[in-house]
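>>> Structure for the following, please:
(one chain, ligands or ions: 1)
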Amino acid sequence: MSDLLRVANVSKHFGGIKALTDVSFTVRKGEIFGVIGPNGAGKTTLFNALTGLYQPDTGAIDLVGTSLYRRKPHEILKAGFARTFQNIRLFHNMTALENVMVGRHTRTTSGVLAALLHTAHNRKEERDCMAYAQQLLTRVGIGKHTHTLAKNLSYGDQRRLEIARALASEPKLLALDEPAAGMNPNEKNALRDLMVSLREEGLTLMLIEHDVKLVMGICDRLVVLDYGQKIAEGTPDVVRHDPKVIAAYLGGEVVV
Ligand SMILES: Nc1ncnc2c1ncn2[C@@H]1O[C@H](COP(=O)(O)OP(=O)(O)OP(=O)(O)O)[C@@H](O)[C@H]1O
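The predicted model follows:
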């Protein structure tokens, strides 16, 4: 498998807090790559630093040869790196379909003027965009909620809608920040099936997840953070038997 994302020596400090120190790893094309670690380990800070929400202090971040280091979030999205958020960020008073259509607009070409003038090109693009958004809603399992306002969807469905919106930008890499948080066991199973099928279609996924069983069951490889530093990297089998990981997690027991 070829390398998709190369992260080298990324650090991010907040005043005296070393949220990330010299974190390096590589995500390979077509894998599900987990990022785990205890609370406060730096997982979300890492996603924020990779996707432009935080400016890293040092390091290098490359997505198939394009540097994402200190680029703006919309530039990173356009380069092919989409994400979801730990605290769901949807347009609550817009329908599910409209939320996904917003996500699609990074890949449409009509400018503001064409939209105002309602040109033929603009109308066709909107129709295509709507059809594509509808397909994605079906793809993530909420096709019947097309016209439901985001705020009226169940928690699990809101998380799926976030995934559909991220997919609408046709990313090479999709980072999911705790997608299973608040989901019941059935919803988690559906989410796992969705992630596996996305990988089968060739998408590369990064996953922050507290459900260690889920993450160990689905990830090809993982990186483990503790106090902002990488303490382990490898397959689930390698990671779960790593003494540093065992100590960081449970103070002595093998991780699931
Ligand atoms: N904007 C910020 N300002 C100051 N400190 C921050 C900021 N963001 C994160 N931190 C600190 O950085 C450290 C890492 O936090 P982060 O949220 O990345 O951890 P995490 O591994 O995602 O935790 P959790 O599993 O609880 O979500 C913590 O000590 C946190 O308080």
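
>>> and the residue lying closest to E233 once chain neighbours are set aside, helix, strand or coil?
Spatial nearest neighbour of E233, excluding adjacent residues (CB to CB, 6 or more residues apart in numbering): V223 at 4.7 Å. Every C-beta, even on glycine, is put in place using the N, C-alpha and C of the backbone. Under the three-state scheme (DSSP: H, G, I helix; E, B strand; the rest coil), V223 adopts strand.

>>> show me where pLDDT drops low in the stretch 151-256 of the chain?
Within the stretch 151-256 of the chain, the ranges that satisfy pLDDT under 70 run 250-256.

>>> Point me to the helix or strand that includes the most centrally placed residue in the chain.
Taking CA atoms, centre = their mean, the centroid of the chain lies closest to A175, which sits 1.7 Å from it. Element membership for A175, per DSSP states H and E: strand 173-177.

>>> And E125, by the same measure?
helix 120-139.

>>> and the helix or strand just after that helix, what other elements does it pack with?
Next along the chain after helix 120-139, taking DSSP H and E as the criterion, comes helix 155-167. On a contact count with 3 or more CB pairs under 8 Å, 6 or more residues apart in numbering; DSSP states H and E, helix 155-167 meets strand 81-83, helix 96-104, helix 120-139, strand 173-177, helix 185-200.

>>> Okay, and the beta partners of R83?
Going by DSSP bridges, R83 is paired in beta bridges with A175.

>>> How is the nearest residue to A150 once chain neighbours are set aside assigned, secondary-structure-wise?
What sits nearest to A150 in space, not counting adjacent residues and going by CB to CB, 6+ apart, is L90, at 4.2 Å. Using three-state DSSP, the structure places L90 in coil.

>>> Could you chop the chain up by domain?
Domain assignment for the chain by automatic domain parsing gives 1-80+171-256, 92-166.

>>> Can you lay out those domains as JSON lines showing distance to Q86?
Output for those, formatted as JSON lines (distance: least, CB to CB, whole Å):
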{"stretch": "domain 1-80+171-256", "distance to Q86": "4"}
{"stretch": "domain 92-166", "distance to Q86": "10"}
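
>>> Tabulate these (JSON lines), appending distance to the ligand.
Shown next, in JSON lines, are the domains of the chain (distance: least, CB to the nearest ligand atom, whole Å):
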{"stretch": "domain 1-80+171-256", "distance to the ligand": "3"}
{"stretch": "domain 92-166", "distance to the ligand": "15"}
